[in-house]
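*Asks:* Can you look at this prediction? I've put the sequence above it.
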Amino acid sequence: MEYIRLKIIEEYAEKFNIPIMQKDGIKFLTDYIKKNNIKKILEIGSAIGYSAIKMALVSDDIKVTTIERDKERFEIALKNIREFDLNDRIDIILGDALEIDLSDKYDLIFIDAAKGQYIKFFERFDSNLNTKGAIVSDNLSFHGLVEDDSKTNNRNTKQLVKKIRKYIDFLKSNKDYETIFYKIGDGISVSIKK
Ligand code: SAH
Ligand code: MG
């Protein structure tokens, strides 16, 4: 049943072009959560709730807080979360993450929202990370364009790629964190507080 419900969400995302995590990316993330005994997660960018649900399904003592600014996606995410009976373990907030203040601490912060604002997300929520917690960022390859942007002539895309590269440099030069970059899915990084 669970498998079929997930399949329906995946197909919905495909049909309406909603950029949910890729298969190997979500596998990497859920494996990481399992291996590192992560219990409290903050996600920036819920879309329709797919990754939040996948993360919560890893173990029934996991709690997820997830933020989505798009009203329509938020509503669909809420519906999906309820269908999985996960509303007591997934707390979804409607709003712009850059305007939301949280006081709780999390074992893992997963950044998967507007690609041009990753430094801002990182700096805003970095104080919400538990000691030895990890900040995971998705789409650092951006369809391979970060490695080679000659495949596009679109100005906005080029601008976005520039910002992602800036974020990668920001992570590499951040002395408070040790970052490992993985060529998995659309490019994932794991930054661990020293
Ligand atoms: N994590 C999801 C996919 C997220 S797609 C999954 O894998 O299933 C990125 C989402 O981030 C979009 O739905 C977009 O509306 C949202 N987003 C972008 N910028 C945001 C912001 N500043 N605050 C909250 N949500 C944001
Ligand atoms: Mg993503």
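*Replies:* Okay, I see it. Ligands and ions are numbered 1, 2, ... in the order given.

*Asks:* give me the number of residues near Thr30?
*Replies:* Residues lying near Thr30 (other CB atoms under 10 Å) number 19. (C-beta placed from N, C-alpha, C; glycine too.)

*Asks:* Smallest distance to ligand 1 belongs to which residue of the protein?
*Replies:* Gly45 (2.9 Å; CB to the nearest ligand atom).

*Asks:* Cross-check the contact I'm expecting between that residue and Lys115.
*Replies:* No: under the criterion of CB atoms under 8 Å, Gly45 makes no contact with Lys115, lying 9.8 Å away.

*Asks:* which of the two has more neighbours?
*Replies:* Gly45 (23 against 20).

*Asks:* just to revisit the earlier point, next, the residue nearest to the residue of the chain closest to ligand 1 when sequence neighbours are not counted: phi, psi?
*Replies:* Spatial nearest neighbour of Gly45, chain neighbours left out: Ala113 (3.3 Å); criterion: CB to CB, 6 or more residues apart in numbering. Note on Ala113: backbone dihedrals following degrees, to the nearest 10 are phi -120, psi -150.

*Asks:* pretty sure Ala113 contacts Lys120?
*Replies:* No: taking contacts as CB under 8 Å, Ala113 lies outside contact range of Lys120: 9.9 Å.

*Asks:* Mind checking which of the two has more residues around it?
*Replies:* Between Ala113 and Lys120, Ala113 has the larger neighbour count (other CB under 10 Å), namely 23 against 15.

*Asks:* which residues sit in contact with the more buried one?
*Replies:* Ile44, Gly45, Ile67, Arg69, Ala97, Phe121 (CB atoms under 8 Å, 6 or more residues apart in numbering).

*Asks:* again, but for Lys71
*Replies:* Counting by CB under 8 Å, 6+ apart, Lys71 has contacts Leu94.

*Asks:* i'd like the first residue to be 58 from this point on
*Replies:* Got it, the first residue is 58 from now on, which makes the last one we talked about Lys128.

*Asks:* While we're on it, how confident is the model there?
*Replies:* Per-residue confidence at Lys128 stands at 98 (pLDDT).

*Asks:* got the residues of the protein near ligand 2?
*Replies:* Asp169, Asp195, Asn196 (CB under 5 Å from the ion).

*Asks:* Include neighbour count, pLDDT and secondary structure when you put those into CSV, please.
*Replies:* Compiled in CSV, the residues of the chain next to ligand 2 are given as follows (neighbours: other CB atoms under 10 Å; pLDDT from 0 to 100; DSSP: H, G, I helix; E, B strand; the rest coil):
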residue, neighbour count, pLDDT, secondary structure
Asp169, 26, 98, coil
Asp195, 27, 98, strand
Asn196, 23, 97, coil
